Each structure stands twice: as C-alpha cells, then as structure tokens.
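[1] Coordinates for the following, if possible.
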Amino acid sequence: MACRRVLGAALAALVLGGAAACGTTEQVYTTPQPSASSSATTSSVTAAAEKNAVLQLQDWLAEPQTGTLTYNTVQVTSGGAINVMSILSGPFDPGSGQATLTGSIETLGSGSTTQGSSSALEYGGKVYTSIPATLQTGDRVGKLWEAAPVDSTWGTGAKFSGWWTVLSSVKQVQADGVASLGGVTVDMFSAFPDLSTVKGVPRALLASEPIKKAGTTKVEVDVYTAMGSGALVRVTYRLGLPVQIDAAATAKSSAGYEVDLSGFGQATASATPTPTGTAASTPDAATLAKETGDVDLAALLPF
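    Presented below is the predicted three-dimensional model:
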C-alpha cells in the first residue's frame, strides 16, 4: 500500500510539473508589435504628406491668392503690470498690397480687463490704424488714424516683405498630428526657421521693433492642409511670447506675435473698417495724426 501511495504521488507531481512546463497554468499577454512593413508604410505616408505641405505652401507663394489675414499680438508693458492684446482680422489681397482689418484691443492691468475696438487699413504702401476715442485728446482731437510705412523693413526693390522670404525658405516640415480649425480637422506641419540665418532676410527686419520685443529671431511656421485632398488651408508664422492675455514677460521677451493667412481665394479686401476708409481709398489727410502708427503691425505684414 505504501508503495502505491509513493507511486501515486510521483505520478501526480510528474503530471503537474508537465502542465506547468507547458504553460497551461498561467496566461501571458503581450502587446502586438507593428511589423516592419506597416512601420515603413506609415513612414512613407507621413513623408508624402510633409512633402505635399511644402509644395502647397510654395505653390501659394508663387501664385498668392486673396484670403483672410489675422494678426494677433500681446505686449507686456509697464514692467509687466499691463498686458495689451490686439486681434485684427479681415480680407487681404497680396497682389495689390491691400488689407482691411477690424478687431479688438484688450487691456489687462490692476486686476481688471478693458476692451475696445480697433481697425487697420493697408493701402498704397502704408498701414493706417485707428486711434481709440479715449486717446483723441489734445492735438489728436478729430484725428482718427495713424499711419506707418509698410515697406520700411523690406529689402531694396522687394515686391513683398521679408516674411515672404522666410516662408519661401521652408523646404522641409515635420508632421505635428491633427488640429481643429473652425470645427474642421486638418493635418498640421511645422518648421522652425531662424531669421538670422535665412538668406535674403533684410537687415531692417532683423533690427525692427517687433523682433527686439520678441527677443528672438527664431520663428515657428505652421502649415495646415485639408485631410484627404491635402489642399492648403492655413499658414501661420509666430514668434516671441505665447499670444494670450495673461502672458508673462521673460528676461528677453516682452511681446508675442502671430500672423495667420487662411481662406485662400474666398475673400477680397473690400470691407469697410471702422471708423472710415476702404481698401480702395486712404483716410482723409485731415483725420491723420502726425505721430507714426503701429510699426509692429507694419513690420509683421507679409506683403
């Protein structure tokens, strides 16, 4: 009887040991790894999309269409105590060098925020910006506009600004995933040129006020294309601080700028800004202040 018990125990141990060796007493889960072929396919699709984004940008620069221009900036002033954010948007025509922009100015200071309206008009090589009613005092009574030359930061004989040169220098981008623009999902691509190393960028642009206040010559260029068709949807260039009302100045930067170009072929510079003027007519000389206008906006315009 003892021999049978020993033999039975030995057989049981042998069976259990064999089962454990075969892995029947434990389940192991592993994460599926993409095959080399699927990774290669993904890489080739991304590379093709990046190449298309560059081609779409360069094609538009070669034959620019009308569209909508949006200018955003935040300025940190008075030692960081006051933030001023401007948003201007409207139709533009690079062929004629015209733009009609309207928007708002938001001021954050002493724990409170105030808002006001603003307008800008580009025509005949100048950009006219409206003067808020609260600033129409003293020798500015009755003065509705200030003017600044647009081409003061351009190269000699140039047709467009140095920003056109910067955008033209973008020959390679990296895919940054997808983004939502107006509720539409688009593919986003980015490049990071440095103004100081881009051949042909005018010295006047490098020495301009917005570059000084941004505290950097490094620019982010974002190219957005439609999913599926790959058509160009928007082009953005930005530098300096993030454009948001609560931005904080750094040791080098007291301002941030962003220019968006979109709606290609869907807009014309014919809207009327407040308080007066159209893209086909400059403001009356009697309404112009003697002081130079918004040199930052003038330097950031692409045409």
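[2] which intervals of the stretch 201-303 of the chain have sub-threshold pLDDT?
    267-280 (pLDDT under 70).
[3] can you give me the strands in it?
    Taking DSSP state E, counting those that start in this stretch, the strands of the stretch 201-303 of the chain run over residues 220-226, 232-240, 255-262, 288-292.
[4] Check which helices and strands the longest one sits against.
    With contacts defined as 3 or more CB pairs under 8 Å, 6 or more residues apart in numbering; DSSP states H and E, the secondary structure elements packing on strand 232-240 are helix 36-62, helix 162-168, strand 184-191, helix 209-214, strand 220-226, strand 255-262. (C-beta placed from N, C-alpha, C; glycine too.)
[5] Work out the sheet partners of that strand and label each with its direction, please.
    In the sheet, strand 232-240 lines up against strand 220-226 (antiparallel), strand 255-262 (antiparallel) (DSSP bridges).
[6] and residue 179, which of the ones you listed is closest to it?
    strand 220-226 (6.6 Å; CB to CB).
[7] What residues sit buried inside the closest one?
    For strand 220-226, burial by neighbour count (16 or more other CB atoms under 10 Å) applies to 221-225.
[8] Give me the distance between that strand and the centre of its chain.
    8 Å (CA atoms, centre = their mean, to the nearest Å).
[9] Need the residues that contact it.
    49, 52-54, 56-57, 166-167, 170, 173, 176, 179, 181, 184, 186-193, 231-239 (CB atoms under 8 Å, 6 or more residues apart in numbering).
[10] Also stretch 254-263?
    For stretch 254-263, using CB under 8 Å, 6+ apart, the contacting residues are 67-77, 92, 163, 181, 210, 213-215, 233-243, 247, 296, 300-302.
[11] re the thing from before, of all the strands of the stretch 201-303 of the chain, which lies closest to residue 106?
    Going by CB to CB, the one of the strands of the stretch 201-303 of the chain nearest residue 106 is strand 255-262, 13.9 Å.
[12] what angle separates that closest one from helix 36-62?
    In terms of direction (axes from the mean of the first three to the mean of the last three CA atoms, to 10 degrees), strand 255-262 departs from helix 36-62 by 90 degrees.
[13] Can you flag the buried ones in the contacts of stretch 254-263?
    67-76, 92, 163, 210, 213-215, 233-241, 243, 247, 296, 300-302.
[14] OK, contacts around residue 282?
    121, 123-124, 126, 128.
[15] most neighbours, which of those residues?
    When neighbours are counted by other CB atoms under 10 Å, residue 121 leads those with 29 neighbours.
[16] want to throw the buried residues of strand 220-226 into JSON lines with distance to residue 292?
    Converted to JSON lines, the buried residues of strand 220-226 look like this (distance: CB to CB, whole Å):
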{"residue": "221", "distance to residue 292": "29"}
{"residue": "222", "distance to residue 292": "31"}
{"residue": "223", "distance to residue 292": "33"}
{"residue": "224", "distance to residue 292": "34"}
{"residue": "225", "distance to residue 292": "39"}
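[17] then the helix or strand containing residue 148 to PDB, C-alphas only?
    For residue 148, the host element (DSSP states H and E) is strand 145-149. What follows is strand 145-149, C-alpha atoms only, in PDB (Å, rounded to 0.1, in the frame of the first residue of the first chain):
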ATOM      1  CA  TRP A 145      -5.900 107.400 -37.800                       C
ATOM      2  CA  GLU A 146      -2.200 106.900 -37.500                       C
ATOM      3  CA  ALA A 147       0.000 105.800 -40.400                       C
ATOM      4  CA  ALA A 148       3.200 103.700 -40.700                       C
ATOM      5  CA  PRO A 149       5.100 102.700 -43.800                       C
END
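[18] Mind listing what's buried along it?
    By 16+ other CB under 10 Å, the buried positions in strand 145-149 come out as 145-148.
[19] Dump those residues to JSON lines, plus distance to residue 281 and pLDDT.
    Shown next, in JSON lines, are these (distance: CB to CB, whole Å; pLDDT from 0 to 100):
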{"residue": "145", "distance to residue 281": "12", "pLDDT": "92"}
{"residue": "146", "distance to residue 281": "17", "pLDDT": "94"}
{"residue": "147", "distance to residue 281": "14", "pLDDT": "95"}
{"residue": "148", "distance to residue 281": "18", "pLDDT": "96"}
